[in-house]
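Peer 1: missing the sequence, but the structure's below:
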Ligand SMILES: Nc1ncnc2c1ncn2[C@@H]1O[C@H](COP(=O)(O)OP(=O)(O)OP(=O)(O)O)[C@@H](O)[C@H]1O
Ligand SMILES: Nc1ncnc2c1ncn2[C@@H]1O[C@H](COP(=O)(O)OP(=O)(O)OP(=O)(O)O)[C@@H](O)[C@H]1O
Ligand SMILES: [Mg+2]
Ligand SMILES: [Mg+2]
């Protein structure tokens, strides 16, 4: 790819970007949120048309005008937004063969028997056990991601793009994916790999390219780079410490959860958080962390159990009740649940505090603006103005909006569910700083994550969750990656 | 430059279009641009505007209310029977249909919010039910002063003068329904722009789940929106009864599509691209002006529909071509 | 156990409901469950079913087509004029309305796919346009054999016997429109279940972006769906003309809501929760059975709507309560 | 009598003066002469209609337009889609636009009185058809709905021999329908042996719905002779019911309808159709006569307050078997049809001649 430029409504996302992949290599494409990685790859896979520039595959110039063109040229992509690439009400098998059904290669009539059999065979080869007749909407996020990966396998690809495939995967599943990538590489296919998890990148890739603000910054063999080089290239500055820790004094218990349960995902959780304390809950994907956070917040209604905030029983019936009692949640799926993408930053930030900024039901424009500018400044949200639509911000800044809307609610307990998912290292650090500051103000923090490193770096106390239960507790400094993983996957008491 | 022009046409296209149409009709026909005719046009759209405001509100919380037409019908006959059959005091005459409209809204929200039937499906069903109910209530008859009842007796009451004034009277030379309409438009506009509840409705419509997780009681908000829609349709029905001096069967059915058309034209106003009260009002005015003016041009009555459709397409095309252009 | 029962009621609820209704009517009236009456019912729903299949197809690609009603009207008068005004051969009589229907579909898809006006808005506008066009075409007159024309002459042609047979004739003792309808239902069902193009439509409706990213030309697929919807509405119009033996103005307008109701009832069949042809057919049958049976019960006409609405609510409630329960 | 209480709440003009119609044409005022005729040319006339669906309305509009053209006038049609509030608005618009004369078709006094009074203030003459306005200075034309119903029902009773089972296709909610129902109620009292087995009707989808429901009824009463006749209070209903009966081959059932268009006439003439008779006023004639009365008013006369256009009973027996008749030539076969001279005056003839000469 050479000289690729692309702008969205006048804003340039790519400036004459250059990019090349060789057959049989794994090429990592890195960059901060909004650097233009996905955009570049969408152009390569035909989802977007470039404003300028050309694409050559095996020396031939290809006019990429639609995904069909890209597929014909052997370019396949596993897109970052999993849900945009799957048809929820169709079966796993059909989604795997989506490309084939969409193309003219299949005959007019479908043979369902064959389709299921082939899909089953394929999944078995990949070592996956997803029922092929199940509907996509019944799958977990990780399973959906695997279906997307399987889809690429059935095609005769020359280039395969993985845009943050590991975000929803557990360590084990990630390893599985890497084995698949190695196999592809061995068969001479060129692979583009995008991830914000730098340790993964260094583990698997042969070459690394870093982008910043739509420009290529460097391309080097992975063996010649250090993590710090990459971070410097990404951010244009270096990052002192990845996990800034602000020392706080830990006060009395502010959140006390007893026997909280719903179905098979959360089976009786007890936990406590004290003022100024950051408690991390770690677990593999599917351990039930998200469910737990939703129960605490009243987003789902618990079967049994109690939640007390600052000594008062919290109403678990609805988020409204939870907020009133002082619990707020920064949810995992920010674009769907955390923010309203089609509304301005201003309106998003004032949503939970409409009552505070209005008198007699009438909103005070000045108070609303005051709130927004305060939050924007305090969190360093990068936006041209408070009136900007939130959907146009980069991922990290969207996450800051999702956090920022709670700042002035006077909540006692902040629950964060994977707040750094898909967020670049710079923004990640910003978020850690915010969390630290909140703790310093005497808030109780419950931090749910599947990134053990984050928990180790950030938390005062780590709870390990497995299969809907809290199975182990570590104090700061006690835990290691290994024993966290041990409890998270085995879910049993320490072997004697 | 070109871009600016596009932007401009996007934002003011619909308004300029109305201006041009007004100018054209005024030049073509000396009687068009007279105070009497213009206020009459406004009065003629007042009923549809009320219904359309209801539709706007339900669309704001991202719910389509197909039942407003039959709510108008029901409200019209209920209002008329309050006077003709029961000789109730004027307050009761006015309050009962409003309550009935609120109940229809409640029924809608019950089906949509509690039972979670998709909005179009639920309100279609309610449309049928209410349409049947209002005819069953009057046994299919229209309601008029001293009407003959099926048992051979005459109904005791008649439509009150005071009541008819609501639909036909003037205040300071302005038809009363026009005053009501303008108040309603302004009030609902202020409601959406400046009140907490209005904002809650907009946010709920923007993304229900995100709004819920921000602490809004979205079910309640949606319920209120449907109730408002029902009440506004009821007001439309009351005005209808006051205007025609009787309670007509199925009076509201043709008004549904008309109201929806006004709301949709309103999408184009000021480049909103979404339901908005000012736009709805402008849409209703545009349709009213067209109907009034086209008749003057000796356009055959059956051509009206073509023009109405074409204007709708034009207005929508300008909006959505632009909106789409902005995105890429 | 309880769960199983729920599942069962979810899946077969609508079918059992029809069974119960059939049983009730049969017990109540000996003439209800006769071959003649049942085929009459099927014949009476054949027109609506064709329209409803069109609506099903457009809903499958996630687009609502409000214009089908006026397409029926247009097709009916075009068909009749082909015979009465122009005395065309039967083939032409049948092909021209189909082409016209396809053109309406093309117009819809132009607005929706190219100009990107949201489906409801675009098809509402087209509904108005086509409704005006068909009246303009006949100057507001119905079309019948040797009709009197406005210039004082008589139209030369009459409705052909062969043509009327399409709507009124029988083949092997089965009304011909019923045969057509069953063929259409089965064909469209097979189309959606087993052909690439059918799956492509479902894919497009299920997640347009995903379909596009997998290389599907979704615009083309959506265009075909709207054309199919127009053509099926046209067939409905042809059958209408053949059934009543003339070309009536605005014949299709009341059929829109009826077709939509059938499609929506169809959501509940076999727990689909989404548009599906078999469900649509069952929905149409249910509505036809109700109209026929209630007429035999001598229920007042105005109560019919209540029953229709209540049945719709019931069917939908069972489906969506269940669907929702399954999710959590 | 008291039964004759009209719908719109207006006065009893409709049937109060059945005799007035006979001499309607005699009321020309003598002082008018040639100079007046010139001033009657080039008038702009508004026709405000409550609904304009179906052939009946189309023919009526035609009658109005043709007659106005003969007088050198020009007609603008205001359509109201069966929405009375829209009709009232249209009437207001017509007044605002200073038409020279206004014709009203249907509607009722409650909805239109305000507008008509505005027209009177503006000096615009108004002639209404079937609106029963009862406003001084405004001519009300009416077709006698009760009489039309009576004519067909009496014939039905006669043909049936005073007993039998009949089906009524009728719907409430429309003023003419409700007036026809009054005659029906009287008929039921008069002939206790004629039993109504069922009644249905849906105005929103009249023809197809009537056809579908009639089919159901035919299946419910399968024996020949179990249904004697069908009385349809509207020709749209009659068409649907006739189609059902014809297609079911139940040729013993007869259909009696009200109203008639060319289309209906063709069906009545068709020997295979069960529709044997209808009572109606020629829609074209209504239009013609209504225009004449308007021109009388424009001329400065005050035509009578109520004019009745007599309905005619048309049955298949009266029609020729060998050629298709239209409403235009029906007068040859049915006495009283198209009494087209009603409302005519010498100066109007003069006017017509003067315009025609150009
Ligand atoms: N459809 C779009 N409309 C408008 N702007 C867009 C669109 N898609 C991307 N952008 C903008 O283009 C820039 C590059 O986005 P892109 O998604 O390529 O970043 P990225 O490097 O993939 O980031 P991330 O790590 O968060 O996935 C961002 O500023 C983004 O806001
Ligand atoms: N009702 C449900 N139906 C289907 N899938 C569900 C349901 N509830 C949760 N899931 C899926 O189960 C998975 C695991 O549940 P949960 O989200 O509670 O675990 P988690 O430990 O938070 O995992 P993650 O790391 O993905 O957030 C999630 O990916 C979610 O998509
Ligand atoms: Mg990206
Ligand atoms: Mg989670």
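Peer 2: On my side now, so go ahead. Please read these numbers as outputs of a predicted model, since none were measured by experiment. Numbers count the residues shown, from 1 in each chain, chains lettered A, B, ... in the order given. Ligands and ions are numbered 1, 2, ... in the order given.
Peer 1: how about the helices in the stretch 51-200 of chain B?
Peer 2: Using DSSP state H, counting those that start in this stretch, the helices of the stretch 51-200 of chain B run over residues B:68-84, B:90-109, B:119-138, B:161-168, B:176-194, B:196-206.
Peer 1: need the contact partners of the helix or strand harbouring residue D:63.
Peer 2: Using DSSP states H and E, residue D:63 sits in helix D:54-70. Applying CB atoms under 8 Å, 6 or more residues apart in numbering or on different chains, the contact partners of helix D:54-70 are C:139-142, C:150, C:249, D:43, D:45, D:47, D:49, D:51-52, D:74-75, D:77, D:103, D:105, D:235-236, D:259-264, D:282-288, D:290-292, D:327, D:352, D:355-356. Any C-beta I mention is one placed from the backbone N, CA and C, and that applies to glycine too.
Peer 1: check stretch A:345-356 too.
Peer 2: So stretch A:345-356 is contacted by A:323, A:328, A:339-340, A:357, A:363, A:367-369, A:371-372, A:375-376, A:381, A:383, A:385-390, A:393, A:401, A:404-406, A:408-409, B:196, B:199-200, B:202-203, B:211, B:214-216 (CB under 8 Å, 6+ apart).
Peer 1: which of those residues count as buried?
Peer 2: Buried residues within these, counting neighbours by 16 or more other CB atoms under 10 Å in any protein chain shown: A:323, A:328, A:339-340, A:357, A:363, A:368-369, A:371-372, A:375-376, A:381, A:383, A:386, A:388, A:390, A:393, A:401, A:404-406, A:408-409, B:196, B:199-200, B:202-203, B:211, B:214-216.
Peer 1: who in chain A is up against ligand 4?
Peer 2: A:289, A:290, A:332 (CB under 5 Å from the ion).
Peer 1: please, a ChimeraX command that selects the buried ones among those?
Peer 2: Restricted to buried positions by 16+ other CB under 10 Å, the ChimeraX selection for the residues of chain A next to ligand 4 reads:
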select /A:289,290,332
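Peer 1: so where does the residue of the stretch 151-300 of chain D found nearest ligand 1 fall, helix or strand?
Peer 2: Relative to ligand 1, the nearest point of the stretch 151-300 of chain D is residue D:204 (46.2 Å; CB to the nearest ligand atom). Using DSSP H and E, residue D:204 falls within no helix or strand.
Peer 1: what's the neighbour count on it?
Peer 2: Residues contacting residue D:204 under the criterion other CB atoms under 10 Å in any protein chain shown number 15.
Peer 1: can you list phi and psi of it for me?
Peer 2: Backbone dihedrals for residue D:204, given as degrees, to the nearest 10, come out at phi -80, psi -20.
Peer 1: ok, it to residue C:51 distance?
Peer 2: Note on residue D:204: its distance to residue C:51, by CB to CB, to the nearest Å, is 16 Å.
Peer 1: okay, now residue 315: neighbour count?
Peer 2: Just so you know, I chose chain A. The tally of other residues near residue A:315 (other CB under 10 Å) stands at 13.
Peer 1: sorry, should have said chain D
Peer 2: By other CB under 10 Å, 17 other residues sit near residue D:315.
Peer 1: pretty sure it contacts residue D:156?
Peer 2: No. If you go by CB atoms under 8 Å, residue D:315 and residue D:156 don't touch, sitting 11.0 Å apart.
Peer 1: stretch A:283-297 near ligand 2 anywhere?
Peer 2: Yes. Stretch A:283-297 reaches ligand 2 (CB under 6 Å from any ligand atom) through A:283, A:285, A:286, A:287, A:288, A:289, A:290, A:291.
Peer 1: close to chain D, is stretch B:47-54?
Peer 2: Yes. Using CB under 8 Å from any CB of the partner chain, stretch B:47-54 comes into contact with chain D via residue B:47.
Peer 1: would you pull up how far that stretch lies from the middle of the chain?
Peer 2: On the basis of CA atoms, centre = their mean, to the nearest Å, stretch B:47-54 sits 1 Å off its chain's mean C-alpha point.
Peer 1: for that stretch, buried residues please.
Peer 2: Neighbour-count burial for stretch B:47-54, with 16+ other CB under 10 Å as criterion, is recorded at B:47, B:48, B:49, B:50, B:51, B:52, B:53, B:54.
Peer 1: who's in contact with it?
Peer 2: Under the contact criterion CB under 8 Å, 6+ apart, stretch B:47-54 has outside partners B:65, B:68-69, B:72, B:177, B:181, B:184-185, B:188, B:228-233, B:235-236, B:239-240, B:243, B:252, B:255-256, B:258-260, B:262-263, B:266, B:277, B:280-281, B:283-284, B:287-288, D:85.
Peer 1: the contacts of helix D:54-70 in strands, which ones?
Peer 2: Residues of these located in strands (DSSP state E): D:45, D:47, D:49, D:74, D:75, D:77, D:103, D:105.
Peer 1: which among those residues gets closest to ligand 3?
Peer 2: Proximity of the ones in strands among the contacts of helix D:54-70 to ligand 3 (CB to the ion) peaks at residue D:77, which lies at 61.5 Å.
Peer 1: I'd like the distance between the closest one and residue D:235.
Peer 2: In terms of CB to CB, residue D:77 sits 21 Å off from residue D:235.
Peer 1: list the contacts of the nearest residue to residue A:327 once chain neighbours are set aside.
Peer 2: Leaving aside its chain neighbours, residue A:327 sits nearest to residue A:413 (4.6 Å; criterion: CB to CB, 6 or more residues apart in numbering or on different chains). Contact analysis of residue A:413 by CB under 8 Å, 6+ apart lists A:254, A:255, A:273, A:309, A:326, A:327, A:328, A:443, A:444, A:445, A:446.
Peer 1: the last one sits in which helix or strand?
Peer 2: Right, the one you point to is residue A:446. Using DSSP H and E, residue A:446 falls within strand A:444-449.
Peer 1: summarise which helices and strands that strand is packed against.
Peer 2: strand A:253-262, strand A:266-274, strand A:278-282, helix A:289-296, strand A:413-417, helix A:425-440, helix A:452-458 (3 or more CB pairs under 8 Å, 6 or more residues apart in numbering or on different chains; DSSP states H and E).
Peer 1: partner strands of that strand, with direction?
Peer 2: Here strand A:444-449 has these sheet partners by DSSP bridges: strand A:278-282 (parallel), strand A:413-417 (parallel).
Peer 1: quick one: contacts of that strand?
Peer 2: Outside of strand A:444-449, the residues within contact range by CB under 8 Å, 6+ apart are A:254-255, A:271, A:273-283, A:289-290, A:292-293, A:296, A:412-420, A:435, A:438-439, A:454-455, A:458-459.
Peer 1: near ligand 2, which residues of the stretch 351-496 of chain A are found?
Peer 2: A:418, A:450.
Peer 1: and the strand holding residue A:446 with helix A:425-440, angle?
Peer 2: With axes from the mean of the first three to the mean of the last three CA atoms, to 10 degrees applied, the angle from strand A:444-449 to helix A:425-440 works out at 150 degrees.
Peer 1: how far away from the center of its chain is strand A:444-449?
Peer 2: Distance, stretch centre to chain centre, for strand A:444-449: 16 Å (CA atoms, centre = their mean).
Peer 1: can you pull the pLDDT of the residue positioned nearest the centre of chain B?
Peer 2: Nearest to the centroid of the C-alpha atoms of chain B, with distances taken as CA atoms, centre = their mean, sits residue B:51, at 1.9 Å. In the predicted model, residue B:51 carries a pLDDT score of 96.
Peer 1: pull out the buried residues from the contacts of strand A:444-449.
Peer 2: Listed as buried from the contacts of strand A:444-449 are A:254-255, A:271, A:273-283, A:289-290, A:292-293, A:296, A:412-420, A:435, A:438-439, A:454-455, A:458-459; burial here means 16+ other CB under 10 Å.
Peer 1: circling back to that earlier point, now a PyMOL select for only the buried ones of the contacts of helix D:54-70.
Peer 2: Buried subset of the contacts of helix D:54-70, written as a PyMOL selection, criterion 16+ other CB under 10 Å:
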select buried, (chain C and resi 140+141+142+249) or (chain D and resi 43+45+47+49+51+52+75+77+103+105+235+236+259+260+261+262+263+264+282+283+284+285+286+287+288+290+291+292+327+352+355)
